[in-house]
Structure formats: C-alpha cells, structure tokens
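Enquirer: could you look at this predicted model? Sequence included:
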Amino acid sequence: QVQLVESGGGLVQPGGSLRLSCATSGRTLDYYAIGWFRQAPGKEREGVSCISVSGISTYQDSVKGRFTISRDNAKKTVYLQMNSLKPEDTAVYYCAGGRGRLCGPANYFSSWGQGTQVTVSS
C-alpha cells in the first residue's frame, strides 16, 4: 500500500500557473503508475493525467499542451505542472497510486490522497 499527500493548490488568476506535488510513502515509486484526477462541485471525478513507471504520460484532451506530469522516483514525488489555467480547471485535485506499472481507468487506482483545492478566478 502507498500513502499519498497532495500539495501546491491555491487561488490563481486565469492564465496563471501552479505546480501540484504528490508525495508518496510506503511502497517504492518504481513499481506503480500515478494518476491525477479532479472533481469540480456538482461534477463527477475525472482523470486529468497519468504517468506510468516507464514514464509514458497520458492527458485528458482539455489539458493537453497546458499540463505536464513528471515523476522523481528518488524523491518519491509526482508533479503536475499546470500552465495557462482556466476557470474550468477549478476543482479539487487528487493523486492516486495504480495497482501496477501502467495507467488505467479510475477503478485501477487503489490508493488516494486527500486532495488539494485549485481555484482559477480573477
């Protein structure tokens, strides 16, 4: 089992940037994929991005070209760099640990953090 703690959320103006961090503990980060998800008020949770053990990353279409996921296995941390933020990016962002090396749907992820709030507003 892996424990995950998100940080880096906050209030930012449209067009601004934030970098979210997902600090992990427990199992080494070398053996499982990490995904970022978000949930806006009144909406269902949706996948944002994921990075496999080998470093292959995937993105939701709405964030492609704006968000970048990366991992630092030595620091046991995964990052989500978010640029050109839009009001529709406002949500609670969660990171989650997968059951194995590859990315998959939400039910593939077995460990979840507590979330960090991102608010994009002028």
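Expert: Structure's in. What do you need?
Enquirer: excluding its backbone neighbours, what's nearest Thr24?
Expert: Leaving aside its chain neighbours, Thr24 sits nearest to Lys76 (4.7 Å; criterion: Cβ to Cβ, 6 or more residues apart in numbering). Bear in mind the C-beta positions are built from the backbone N, C-alpha and C, glycine included.
Enquirer: pretty sure the one you found sits against Cys22.
Expert: No. The criterion here is Cβ atoms under 8 Å, and Lys76 misses it with Cys22 at 9.3 Å.
Enquirer: between these two, which is the more surrounded one?
Expert: Between Lys76 and Cys22, counted using other Cβ atoms under 10 Å, Cys22 has the larger neighbour count: 27 against 18.
Enquirer: okay but the more buried one is in contact with Gly35, surely?
Expert: No. Under the criterion of Cβ under 8 Å, Cys22 lies out of contact with Gly35, with a separation of 9.4 Å.
Enquirer: what's the overlap in contacts for these two?
Expert: Cys95 (Cβ atoms under 8 Å, 6 or more residues apart in numbering).
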